[in-house]
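Novice: Compute the structure for the input listed below.
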Amino acid sequence: MFYINGLTKRFGKNTVFNHISLQLDNRNYGLLGPNGSGKTTLFRIIAGLLSAEEGSLQSDTGETLQIGYLPQKFGGFPNLTVKEQLQYFAYLKAKKGDGILWDAEIERAISLTHLEEQRDMRCSKLSGGMIRRLGIAQAIMGKPDLILLDEPTVGLDIEERLRLRNVLEEIQGHQPLIMSTHILEDVQMVCSDIIVLHNKEIQFQGTADDLKAAADHRVYLLGESIGQTYPDGLKFITKVDRGGKQFWKVLELEDGIDLRTIGAVPEPSTAEDGYLLVLNGIN
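Specialist: Residues are numbered from 1 along each chain as shown. Below you'll find the predicted structure:
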């Protein structure tokens, strides 16, 4: 178990987040939030690269945690092979008396991230997806107590995203893992819990079903009519096609709006709808 207690971070007069707290067990967590919400800053504090003005980080054992960290920007040494790169990280991670068989651990990381065919390939020859998998390999190597993956799917094609999902599913349950991303679909595939960081606070923590339930009875389809006026308190999301007809998908942001008077039709909610509502202060 890992605890974040009342964490506050400021840059000058700008408060990034204010007294946020989380309790994390051995599950995969998806960290969502708009650009600038503080996701990367939170990771850098947990990884020990930044200090916080207030708050604390601790484990249930009270011991210092070993953390595996994939930063948003990761690149290997171009002249080293995949295996040599991991040997380098193993050298940095190894501690006297840690009891880890590092040669075997390197092979485990290569196998888990499906880099067997690239083990002797120089990093300069790797694709973007392979580099991300190499970054995950170094993060999980040594069986850390906590894993942080900052935007692991950025720039990846569909095939590489699927491979990364498989990797994250394989390592789930052994330690808390937090993955920050803008892609809700990726979170739903590999994370049991979702955390939303917005407006300097944790706005939501729960499952994808919980996030979907936050939008129940607040999602509608609305026909587009020239000159029609709409009540306040609606968020227009996108246009959708139903049977060859175009409709606006809208979210009800305020209670007490009778959308039936303007011909609105209820629509099943999704986790994405719930996320948008959370960003608008409803959960």
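
Novice: Pull the number of nearby residues for the closest residue in space to residue 253 that isn't next to it in sequence.
Specialist: Excluding the flanking residues, the one nearest residue 253 by Cβ to Cβ, 6 or more residues apart in numbering is residue 233, at 4.9 Å. Every residue, glycine included, has its C-beta placed from N, CA and C. Counted with other Cβ atoms under 10 Å, residues neighbouring residue 233 total 14.

Novice: Need phi/psi at the residue nearest the centre of the chain.
Specialist: In the chain, the centroid-proximal residue (Cα atoms, centre = their mean) is residue 180; its distance is 2.5 Å. Main-chain torsions, residue 180, degrees, to the nearest 10: phi -90, psi 140.

Novice: Pull up the gap between it and residue 274, please.
Specialist: The gap separating residue 180 from residue 274 is 18 Å, by Cβ to Cβ, to the nearest Å.

Novice: same thing with residue 166?
Specialist: Distance of residue 166 to residue 274, computed by Cβ to Cβ: 26 Å.

Novice: out of those two, which sits in the busier spot?
Specialist: Applying other Cβ under 10 Å to residue 166 and residue 274 shows that residue 274 carries more neighbours, namely 29 against 14.

Novice: which strands and helices sit next to the helix or strand that contains the more buried one?
Specialist: Per DSSP states H and E, residue 274 falls inside helix 271-279. Helix 271-279 is packed against helix 184-190, strand 193-198, strand 201-206, helix 208-213, strand 234-242, strand 245-252, with contacts defined by 3 or more Cβ pairs under 8 Å, 6 or more residues apart in numbering; DSSP states H and E.

Novice: go with 6 Å
Specialist: Applying 3 or more Cβ pairs under 6 Å, 6 or more residues apart in numbering; DSSP states H and E, we find helix 271-279 packed against helix 208-213.

Novice: Relative to the whole chain's centre, how far out is the helix it packs on?
Specialist: 16 Å (Cα atoms, centre = their mean, to the nearest Å).

Novice: next SSE after it?
Specialist: Next along the chain after helix 208-213, taking DSSP H and E as the criterion, comes strand 219-223.

Novice: Pull out the CA atoms of that following strand and give them to me as CSV.
Specialist: Output in CSV follows, covering the C-alpha atoms of strand 219-223 (Å, rounded to 0.1, in the frame of the first residue of the first chain):
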residue,chain,number,x,y,z
VAL,A,219,-26.6,12.5,-21.7
TYR,A,220,-29.1,13.4,-24.5
LEU,A,221,-29.4,13.6,-28.3
LEU,A,222,-30.7,16.9,-29.5
GLY,A,223,-31.9,17.6,-33.1
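
Novice: quick one, what contacts the closest residue to residue 211 other than its chain neighbours?
Specialist: In space, and not counting its chain neighbours, residue 211 is closest to residue 274: 3.8 Å by Cβ to Cβ, 6+ apart. By Cβ atoms under 6 Å, 6 or more residues apart in numbering, the contact set of residue 274 is 211-212, 214-215.

Novice: swap in residue 134?
Specialist: Neighbouring residues of residue 134 by Cβ under 6 Å, 6+ apart: 76, 82.

Novice: list the buried ones in the helix or strand containing it?
Specialist: Using DSSP H and E, residue 134 sits within helix 128-140. Using 16 or more other Cβ atoms under 10 Å as the test for burial, helix 128-140 gives 129-140.

Novice: Nearest to residue 44 among those residues?
Specialist: Using Cβ to Cβ, residue 139 comes nearest to residue 44 of the buried residues of helix 128-140, at 14.3 Å.

Novice: right, and residue 5 touches residue 58 too?
Specialist: No: when contacts are counted by Cβ atoms under 6 Å, residue 5 is not listed as touching residue 58 (7.0 Å).

Novice: Provide the count of other residues in contact range of residue 145.
Specialist: 18.

Novice: distance of the nearest residue to it once chain neighbours are set aside from residue 155?
Specialist: The shortest distance from residue 145 to any residue other than its chain neighbours is 4.2 Å, reached at residue 65 (Cβ to Cβ, 6+ apart). Residue 65 sits 29 Å away from residue 155, going by Cβ to Cβ.

Novice: And those two? Which one has more around it.
Specialist: Using other Cβ under 10 Å as the criterion, residue 65 and residue 155 rank with residue 65 on top: 16 against 11.

Novice: For the one helix or strand in the chain whose mean pLDDT sits lowest, which residues meet the burial criterion?
Specialist: Among the helical and strand segments of the chain, the one scoring lowest on mean pLDDT, DSSP states H and E is helix 158-171, with a mean of 82. Neighbour counts over helix 158-171 (16+ other Cβ under 10 Å) mark 160-161, 163-165, 167-168, 171 as buried.
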